[in-house]
Every structure is written in structure tokens, then in C-alpha cells.
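Student: Have a look at this prediction, sequence included:
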Amino acid sequence: MNSKFQLILSTFVVIAAFTLLPRPCASIEFHRKLSSWSNGGATWYGAANGAGSDGGACGYQAAVDQAPFSSMIAAGSPSIYKSGLGCGSCYQVKCSGNSACSGNPVTVVLTDECPGGPVPQRAGPLRPERDGVRVPCNWGGVMLTFAVDAGSNPSYFAVLVKYENGDGDLSGMDLMQTGAGAAWTPMQQSWGAVWKLSAGAALQAPLSIRLTSSSGKTLVASNVIPSGWKPGASYTSTVNY
């Protein structure tokens, strides 16, 4: 969209009438550079009483409907979703063009992608004006959580990280096994917010994970994946940005 991106709200702050939109998800549009407030539009998507994305393209699954996400989530167009690398980033949005709006900003987290809908000419008139700005994420004392993908096995490890303070989104992840000569091994983005490593041999746990945020800040969660780890399990660290 040239100098704009789309951000799709799925929070309770958007009035219920917007559920009548004839498209699976709809957009909030701001200027792509969000160092200051930019004007745009917004609407609801998803079930009237649902969590919006109900999981979404980042892979957070049912967590989006639970604390600390608490359904305060959003979906973005490809330019902000960035093939999943934008997952976890945070934005403040506020209503600016309707007398029914409070004008108070709320913070939402990017957990899904919406490439657009089939009938924007019908949805557009139902979008109220909104202002938005990217902000640092602040999870209020919540530590990083590592959700091991259910398809992992002793020689293949995939994991999703939740609740990153600061940038919120990641540009890289490395893994270190336990044992003599252990070194950091780069992981690859699998899809959404999931990163993977195909080791070719059984990984020696406990495993440490090093995160690199979108602005280049690194953080190590030492031995966060314990010996005897299980596919589908989640492990909470003692660190955060």
C-alpha cells in the first residue's frame, strides 16, 4: 500500500456493529513510519464475542484469548506482519473521528495477518477514524515463555516465544546445547513466530536460547528448556528484555 500499512483490530474497543462487515478481517490504516501518531481507520473482525484472530498466523493459538494477551490483539497487512517477523510488536490506537469514542488509547499486540478482503468498497465506509503509533511492549513483570512446538522430537526442535518486552518482535534466535564444545547454533524462522532447528542428532538438554530483537538487542535464557522436555509443553524463563 505504498506508504501505508494495515493493522486489524480484534479488541473489544471496536463497536459491535462492525461485525456486519462482509469480509473475514478488516483494516486499520496508518502511515508506515510510526514514531509519532498517524491517522487511519479501523474495524472489528472475527466472531462477535470471539478473540478476533482466535490464534492467527503468528502461532499463539488459544493464548490470544487468555491473560496476558486478553484479546487485546491485532492483525497486520504483509508490510507489518513481515512474513511473521512482525509478530509480537505492540501499537497504541485510539479513536479520533466519532463522538461515541472515548479518545483514550489502548495497546494491542500483533498476533495475526490480514492481506485484505474481497469487497473493500463495502467495508471502507464502516471504518471509523483511528490514530496509531508503535510503542514498546510492556508485559508488566511477565517473563519470557517458550512454547515447544508439538511436532518437535529429539533431533528437531521448534519453539515459539511469547511476551517479549521492548521491541516485541524478533529478528533472530540461536540455540546452545549442553556438553563439551557447546556453541550457539542459528535457528531458522519456520512460520509466524515459530523458530526451528534441525540438528541431525539428538539434542543434549538443557537447552539455552539466545534471542535477537528487531533492533538488534540480544538476551539469553540459560537452560530454559530442561532435560526431559516435552513437545507441546511451555517453559517460563527468569528473564525478559
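Tutor: All right, it came through fine.
Student: what residues go with each domain of this protein?
Tutor: 4-135, 145-236 (automatic domain parsing).
Student: what pLDDT, on average, does the last one get?
Tutor: In this case it means domain 145-236. Regarding domain 145-236, the rounded mean pLDDT is 98.
Student: Equivalent analysis for the first one, please.
Tutor: With pLDDT averaged residue by residue, domain 4-135 scores 68.
Student: just checking, residue 189 touches residue 82?
Tutor: No. With contacts counted by CB atoms under 8 Å, residue 189 stays clear of residue 82, the gap being 10.3 Å. Every residue, glycine included, has its C-beta placed from N, CA and C.
Student: follow-up on the earlier one: any chance of JSON lines for the domains of the chain, columns mean neighbour count?
Tutor: Converted to JSON lines, the domains of the chain look like this (neighbours: other CB atoms under 10 Å):
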{"stretch": "domain 4-135", "mean neighbour count": "19"}
{"stretch": "domain 145-236", "mean neighbour count": "17"}
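Student: Pull the contacting residues for residue 78.
Tutor: Shown in contact with residue 78 (CB atoms under 8 Å, 6 or more residues apart in numbering): 113, 115.
Student: secondary structure class for residue 146?
Tutor: strand (DSSP: H, G, I helix; E, B strand; the rest coil).
Student: Equivalent analysis for residue 171, please.
Tutor: Per three-state DSSP, residue 171 ends up strand.
Student: wait, what's in contact with it?
Tutor: 85, 212, 213, 214, 216.
Student: how far away is it from residue 64?
Tutor: Residue 171 sits 22 Å away from residue 64, going by CB to CB, to the nearest Å.
Student: Please apply the same query to residue 139.
Tutor: According to CB to CB, residue 139 and residue 64 sit 14 Å apart.
Student: With residue 72 instead?
Tutor: Going from residue 72 to residue 64 by CB to CB gives 9 Å.
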